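K.L.:
sharing a model prediction with you, sequence too.
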Amino acid sequence: MGERGPPGAGGGGGGALARKPALALALLLLLLLLCLRAEPEAAAPAPRPRAVLRYRMRDVDHKSLYLRDGRLVAGHLQGANAAREEEVFWVPNRAFAPARLPLVMGIQNGSRCLASAPGPRPSLSLQDADIRELPRAGAASAAFTFFRSYRAGLWRFESAANPGWFLCTSARGHQPLGLSRCHDASTRLDFYFSAAECPEPGTGDRDPPVGDRDLPPADPR
């Protein structure tokens, strides 16, 4: 009778050796999968606004907005000068809290947008920018973003980059728009914001829609 080999010798040992590379490959794939899942997911860009809305904006004294020397000013326009009134184009900005009704505003079909860089005494300017692309910049669009608030048929627009500072006009006519944190006899913080086809603010105004179904409407306070 021939002698038997030691346990594990012969065909059984070959199967164990064959399983080792397969086990090592499975472990390698598992580690690779864990590493991929550990990497932070790239943030998806904000969607481009579906539509740019066109409105007329006048201050509480019914002063119209128009361009003078490259600046947006507010004044009463009469006769042929009424054609100089600039319509305001706006889109909601989903990069900020929807409950605050954030929006970006501009003139000339949204090719020049209102902007305010952060600072101790912020100023207002017009910047050449595509109003439809700005919300895609996320938090970087703060300088172009304003929060709307509504009361008794009037709107205020607070700078997202400069909390507590509001879009304003001067009580004097034909002065540039600016920013103010004070409501006094020299400034006007309240605006009518109405559909462009309405004849006059205060006579046919319609409150501007929020612009997207997922944003709540403003409640009168």
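P.N.:
Happy to help now that I have it.
K.L.:
and the helices in this protein?
P.N.:
For the chain, the helices defined by DSSP state H cover 11-38.
K.L.:
who's in contact with Leu134?
P.N.:
Shown in contact with Leu134 (C-beta atoms under 8 Å, 6 or more residues apart in numbering): 91, 93, 104, 113, 141, 144. (Each C-beta comes from the backbone N, C-alpha and C, glycine too.)
K.L.:
just the terminal-to-terminal distance for stretch 181-189.
P.N.:
Stretch 181-189 has its terminal residues 9 Å apart, counting by C-alpha to C-alpha, to the nearest Å.
K.L.:
got it, and stretch 161-181?
P.N.:
Separation of the first and last residues of stretch 161-181 by C-alpha to C-alpha is 13 Å.
K.L.:
give the buried residues for that stretch.
P.N.:
For stretch 161-181, a neighbour-count test (16 or more other C-beta atoms under 10 Å) marks 161-162, 165-170, 175, 177-180 as buried.
K.L.:
got TSV for these, with pLDDT and distance to Pro122 too?
P.N.:
Converted to TSV, those look like this (pLDDT from 0 to 100; distance: C-beta to C-beta, whole Å):
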residue	pLDDT	distance to Pro122
Ala161	97	7
Asn162	97	4
Trp165	97	6
Phe166	97	11
Leu167	98	11
Cys168	97	12
Thr169	97	16
Ser170	97	16
Gln175	97	17
Leu177	97	12
Gly178	97	9
Leu179	97	5
Ser180	96	10
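K.L.:
and the residue nearest to Asn162 when sequence neighbours are not counted, how many neighbours?
P.N.:
In space, Asn162 comes closest to Pro122 once its chain neighbours are excluded; the distance is 4.3 Å by C-beta to C-beta, 6 or more residues apart in numbering. Counted with other C-beta atoms under 10 Å, the neighbours of Pro122 add up to 19.
K.L.:
what pLDDT does Pro122 get?
P.N.:
We note a pLDDT of 95 for Pro122 in this prediction.
K.L.:
do Phe193 as well
P.N.:
pLDDT recorded at Phe193 is 87.
K.L.:
roughly how far does Val52 sit from Val104?
P.N.:
The gap separating Val52 from Val104 is 10 Å, by C-beta to C-beta, to the nearest Å.
K.L.:
more crowded one of the two?
P.N.:
Set side by side, Val52 and Val104 show unequal neighbour counts under other C-beta under 10 Å, the larger going to Val104 at 29 against 16.
K.L.:
mind listing the strands for this protein?
P.N.:
The residue ranges that make up the strands of the chain, judged by DSSP state E, are 53-59, 64-68, 71-75, 88-92, 102-107, 112-115, 125-128, 145-151, 154-159, 166-170, 175-176, 178-180, 187-188, 191-195.
K.L.:
neighbouring strands - and their directions - for the first one?
P.N.:
Strand 53-59 has the following strand partners under DSSP bridges: strand 88-92 (antiparallel), strand 191-195 (antiparallel).
K.L.:
of all those, which one is nearest Gln78?
P.N.:
When the strands paired with strand 53-59 are compared by C-beta to C-beta, strand 191-195 sits nearest Gln78, at 18.1 Å.
K.L.:
run the angle between that closest one and strand 145-151 for me.
P.N.:
Angle of strand 191-195 versus strand 145-151, following axes from the mean of the first three to the mean of the last three C-alpha atoms, to 10 degrees, is 100 degrees.
K.L.:
still on that earlier bit, return the most buried member of the strands paired with strand 53-59.
P.N.:
Comparing those by mean neighbour count (mean count of other C-beta atoms under 10 Å), strand 88-92 ranks first with a mean of 23.
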